[in-house]
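S.K.: Based on what follows, work out the 3D shape:
(chains A, B, C, D, E and F)
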Number of protein chains: 4
Amino acid sequence: MSEIEKNPRQRIIETALRLFYQQGFRATGINQIIAESNVAKATFYNHFPSKEQLCVAYLQARHTIWMDWLKKSVDSRPTPLARLLGIFDFIRDWMSNCDFRGCAFLNIASEIPCLDSDIRNEVVRHKDSLKGYISRLLAEVEDSGTTPLDTDRQQIVDMLYVLVEGAIVASQNYGQIWPIDAARQAADRLVKH
Amino acid sequence: MSEIEKNPRQRIIETALRLFYQQGFRATGINQIIAESNVAKATFYNHFPSKEQLCVAYLQARHTIWMDWLKKSVDSRPTPLARLLGIFDFIRDWMSNCDFRGCAFLNIASEIPCLDSDIRNEVVRHKDSLKGYISRLLAEVEDSGTTPLDTDRQQIVDMLYVLVEGAIVASQNYGQIWPIDAARQAADRLVKH
Amino acid sequence: MSEIEKNPRQRIIETALRLFYQQGFRATGINQIIAESNVAKATFYNHFPSKEQLCVAYLQARHTIWMDWLKKSVDSRPTPLARLLGIFDFIRDWMSNCDFRGCAFLNIASEIPCLDSDIRNEVVRHKDSLKGYISRLLAEVEDSGTTPLDTDRQQIVDMLYVLVEGAIVASQNYGQIWPIDAARQAADRLVKH
Amino acid sequence: MSEIEKNPRQRIIETALRLFYQQGFRATGINQIIAESNVAKATFYNHFPSKEQLCVAYLQARHTIWMDWLKKSVDSRPTPLARLLGIFDFIRDWMSNCDFRGCAFLNIASEIPCLDSDIRNEVVRHKDSLKGYISRLLAEVEDSGTTPLDTDRQQIVDMLYVLVEGAIVASQNYGQIWPIDAARQAADRLVKH
DNA sequence: CATGAATGAGGGTTCATTCAT
DNA sequence: GATGAATGAACCCTCATTCAT
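M.R.: Numbers count the residues shown, from 1 in each chain, chains lettered A, B, ... in the order given. Okay, here's the model as predicted:
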């Protein structure tokens, strides 16, 4: 099925997935989006009331895609601990393949200072979802282990989540992999001790 | 000394420090900068060849200011360990006071995907400087301790740096303090064990 | 009968009566009209070939409504003279209740400079009708009076009509009632002397 | 001096005087204005912060021009009464020459329903000025007359003002001269009796 | 060295209308 | 007869930058 045969909304979303991520929100004009989506300007505005709302739809689509990537990668690991740390292995692969562009959500959030906006809400929802996923992976580790964690599990989750964020942005900043490895090692220690 | 008496370059830098940080790079127009700097448009371009170069100067100024804040806060702590962990205490205070706007450098980097640009280089320099500072604080902890760290010191530095970045961006995302506390606790553990 | 049960054409006309009058012709978009009429876009164009033709239908509907208002008000007065001057009393009430938005027909005419258009023709027809009504009311005054007017009746009609128009637009401009009172007083004098 | 040599602001105002009057406010796009003014788009916005503010400037320029026309015409009449009624003679000439486009101020007001806007304020100022002028002309008639008016002068002024407005809009509506003559005749009677 | 005027490309959005179904 | 999708031109406005003075 050629690109042109898909419905306009889908074409717009796919273009947004590419351009918003690679160029940023403000750096990407509506004109470029409609041009590369092969869509008339009014058609765009029939589907999305504003650029901001397209951004919300973009983040929702990105959330699904990225979480699928993550889960698929994590599920391929053999043990609960490998799956938990597999988050960092996935981030390693993903960051290597995205030219170290980093997290689509944090990048957008950097451009939108206002905390209570539809866009920022979508970012928080994504991170909540990620944190929930970390929590479930950690629970599996606990269940499988002989010795229980000596710390409140939620505290460990928070630490792991912070390590994930740090790994992403530090790797993005340097355009290098080592921050992810450092985060993985730190996570490994925090979980084991 | 009234604002108007300062030299134009300084007024522009101060305006940029405010606007670029609060609004973002692309969201801040040259017109707003020159208007709030009480400077003629051509005067601006006499001092800065482009908006991008102003951004570089902005980041350089911001680097000095932020590192001074950090060091002043850290220096007030009594022990080497308190100073090392004091980084997170500082971040707590700072983020509470900046409306959770987060790191000026990472925010700009999110808007500028191209890795090899003057702006991104300035961001890396800042983070290198921060990492070096962490390294020195950790060295003081080591020197004062009875038992040496059982890990390569640079590895710990990397972990701590990643925790710092994670603390900042996670706190920025949620508009809340808990990620900083989680990072501090993780750092505490990593250093002690 | 609920709004939604009326036929589409009627719903469109009623929406146009509201929006064209309150906002103006050009300021009111087709999209707003179809949205507030709960009508599909193509349904609209099935009933009206163009926005301009909707405007014609709007003016025709407005003519009926406004003349009914006028006549109902005038008919409630006891004497021929009271009825003639009752035009101004009606305008007083009407302008007070329409937020001084003024004459729907003159407002549209202001937006459509071209004299020979369907829209402008509709405006002229309305004003001819109004002038004819004034003429009939004046005839009743003449018939009831002992002394005939010393001037050609049509001349008086023209003067009264001009006073009516002046009362409306001056009151609209100022958002005040006094021009209508002034016009009434002038009409009173012109008829009596 | 060729058109192109005048300064941009003046060229823009002159274009606005032509286009806003002939086409209307909303019907005239900024693009047409800048094209016919031979001005770059940004140059336009350097001189006028918005289309609305250009409209204000347009009305101010129009006020000066129109009042000058009026006064020059009135001043050429021999007696106080001829000068007072000369207002209608001027309107006759003016309306014949403007293709019955009518009053620039009332036309704009028809497009801008909101009473408390910069534009509507400018309209009111113009009409206040016109009414003041009528008042002064009437005062001269009174001073020269043997018998004083048996009515409060301000009441007569209001009537005359309403007649002027009615003459303009009725003539505009019909594209004919007779409403102006009717208004003149009514004014004549009101002043004499 | 400092200035205000001017630029043209592009920003996001809405317009009245037509089309296949 | 009724519909929702799609159109492209036009809307008002802002952008970073350059120029003559």
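
S.K.: how about the longest helix belonging to chain A: buried residues?
M.R.: With secondary structure taken from DSSP state H, chain A has its longest helix at helix A:118-144. For helix A:118-144, the neighbour count (16 or more other C-beta atoms under 10 Å in any protein chain shown) marks A:119-120, A:122-124, A:126-127, A:130-131, A:133-135, A:137-138, A:141 as buried. Heads up, the C-betas are built off the backbone N, CA and C, glycines and all.

S.K.: between those residues, which is nearest A:Asn107?
M.R.: Checking the buried residues of helix A:118-144 against A:Asn107 with C-beta to C-beta, the nearest one is A:Val123 at 9.6 Å.

S.K.: confidence score at that closest one?
M.R.: The model reports A:Val123 with a pLDDT of 98.

S.K.: just the one 3 residues further on next, same as before
M.R.: At A:His126 the predicted local distance difference test score is 98.

S.K.: So it sits against A:Phe105, correct?
M.R.: Yes: between A:His126 and A:Phe105 there is a contact under C-beta atoms under 8 Å: 4.9 Å.

S.K.: Check the gap between the residue of chain A found nearest DNA strand E and B:Gly175 for me.
M.R.: Closest approach of chain A to DNA strand E (C-beta to the nearest atom of the strand) occurs at A:Gly29, with a separation of 2.2 Å. When distance is defined by C-beta to C-beta, to the nearest Å, A:Gly29 is 29 Å away from B:Gly175.

S.K.: before we move on, back to that, and the longest helix of chain A, what other elements does it pack with?
M.R.: helix A:51-75, helix A:80-97, helix A:104-111, helix A:153-174, helix B:153-174 (3 or more C-beta pairs under 8 Å, 6 or more residues apart in numbering or on different chains; DSSP states H and E).

S.K.: Excluding covalently adjacent residues, which one is nearest to A:Arg9?
M.R.: A:His47 (4.8 Å; C-beta to C-beta, 6 or more residues apart in numbering or on different chains).

S.K.: how about the residues of chain A near DNA strand F?
M.R.: Residues of chain A lying close to DNA strand F (C-beta under 7 Å from any atom of the strand) are A:Asn7, A:Pro8, A:Arg9, A:Val39, A:Ala40, A:Lys41, A:Ala42, A:Thr43, A:Asn46, A:His47.

S.K.: out of those residues, which are buried?
M.R.: A:Pro8, A:Arg9, A:Val39, A:Thr43, A:His47.

S.K.: Name the nearest of those relative to chain D.
M.R.: Nearest to chain D among those, counting by C-beta to the nearest C-beta, is A:Thr43 at 23.0 Å.

S.K.: correct me, but the closest one touches A:Pro8?
M.R.: Yes: assessed by C-beta under 8 Å, A:Thr43 is found in contact with A:Pro8 at 5.4 Å.

S.K.: ok, back up a step: which residues do A:His126 and A:Phe105 both contact?
M.R.: Contact criterion C-beta atoms under 8 Å, 6 or more residues apart in numbering or on different chains; residues bridging A:His126 and A:Phe105 by contacting each: A:Leu59, A:Arg62, A:His63.

S.K.: neighbour-wise, which of the residues you listed leads?
M.R.: Across these, neighbour numbers were computed from other C-beta atoms under 10 Å in any protein chain shown; A:Leu59 holds the maximum, 24 neighbours.

S.K.: show me what contacts the closest residue to that residue other than its chain neighbours?
M.R.: In space, and not counting its chain neighbours, A:Leu59 is closest to A:Glu122: 4.2 Å by C-beta to C-beta, 6+ apart. By C-beta under 8 Å, 6+ apart, A:Glu122 lies in contact with A:Val56, A:Leu59, A:Gln60, A:His63, A:Phe105.

S.K.: The first one: how many residues sit nearby?
M.R.: To tie it back to what came earlier, the one meant is A:Val56. Using other C-beta under 10 Å: A:Val56 sits among 17 other residues.

S.K.: Give me the mean pLDDT for stretch A:152-168.
M.R.: For stretch A:152-168, mean pLDDT rounds to 96.

S.K.: before we move on, what about stretch A:171-178?
M.R.: When pLDDT is averaged along stretch A:171-178, the result is 98.

S.K.: does chain B sit close to that stretch?
M.R.: Yes: using C-beta under 8 Å from any C-beta of the partner chain, we find that stretch A:171-178 touches chain B at A:Gln172, A:Asn173, A:Tyr174, A:Gly175, A:Trp178.

S.K.: ok, the third one touching B:Lys127?
M.R.: Yes: at 7.3 Å, A:Tyr174 counts as touching B:Lys127 under the criterion of C-beta under 8 Å.

S.K.: do you know how far the residue nearest to A:Leu59 is from C:Lys131?
M.R.: Distance of A:Glu122 to C:Lys131, given as C-beta to C-beta: 62 Å.

S.K.: Likewise for A:Val169?
M.R.: Separation of A:Val169 from C:Lys131 (C-beta to C-beta) stands at 77 Å.

S.K.: A:Lys51 too?
M.R.: For A:Lys51, the distance to C:Lys131 equals 53 Å [C-beta to C-beta].

S.K.: tell me the domain boundaries of chain A?
M.R.: Domain assignment of chain A by automatic domain parsing yields the ranges A:1-48, A:52-192.

S.K.: Verify the stated contact: A:Ala182 with B:Thr151.
M.R.: No: using C-beta under 8 Å as the test, A:Ala182 is too far from B:Thr151 to be in contact (11.0 Å).

S.K.: more neighbours, these two?
M.R.: Between A:Ala182 and B:Thr151, counting by other C-beta under 10 Å, A:Ala182 is the more crowded of the two (26 against 13).

S.K.: near DNA strand E, which residues of chain A?
M.R.: When proximity is defined as C-beta under 7 Å from any atom of the strand, chain A approaches DNA strand E at A:26, A:28-32, A:41-42, A:45, A:49-52.

S.K.: Most widely separated two among these?
M.R.: Using C-beta to C-beta, the residues of chain A next to DNA strand E span at most 22.6 Å, a distance reached by A:Arg26 and A:Ala42.

S.K.: quick revisit: identify, out of the domains of chain A, the most deeply packed stretch.
M.R.: Comparing the domains of chain A by mean neighbour count (mean count of other C-beta atoms under 10 Å in any protein chain shown), domain A:52-192 comes out on top with a mean of 18.

S.K.: Pull up the distance across it, start to finish.
M.R.: End-to-end distance for domain A:52-192, by C-alpha to C-alpha, to the nearest Å: 43 Å.

S.K.: same deal with stretch A:166-185?
M.R.: Note: stretch A:166-185 ends 13 Å apart using C-alpha to C-alpha.

S.K.: neighbouring contacts of it?
M.R.: Applying C-beta under 8 Å, 6+ apart, the set of residues contacting stretch A:166-185 from outside is A:85, A:88-89, A:91-92, A:95-96, A:100-103, A:106, A:163-164, B:105-106, B:109, B:115, B:123-124, B:127, B:155, B:158-159, B:161-167, B:169, B:183.

S.K.: Also stretch A:97-112?
M.R.: Residues from elsewhere that reach stretch A:97-112 (C-beta under 8 Å, 6+ apart): A:20-22, A:24-26, A:55, A:59, A:62-63, A:66, A:95, A:119-120, A:122-123, A:126-127, A:165, A:168-169, A:171-172, A:174-176, B:24, B:26-27, B:102, B:106-107, B:110-111, B:113, B:115, B:169, B:172-173.
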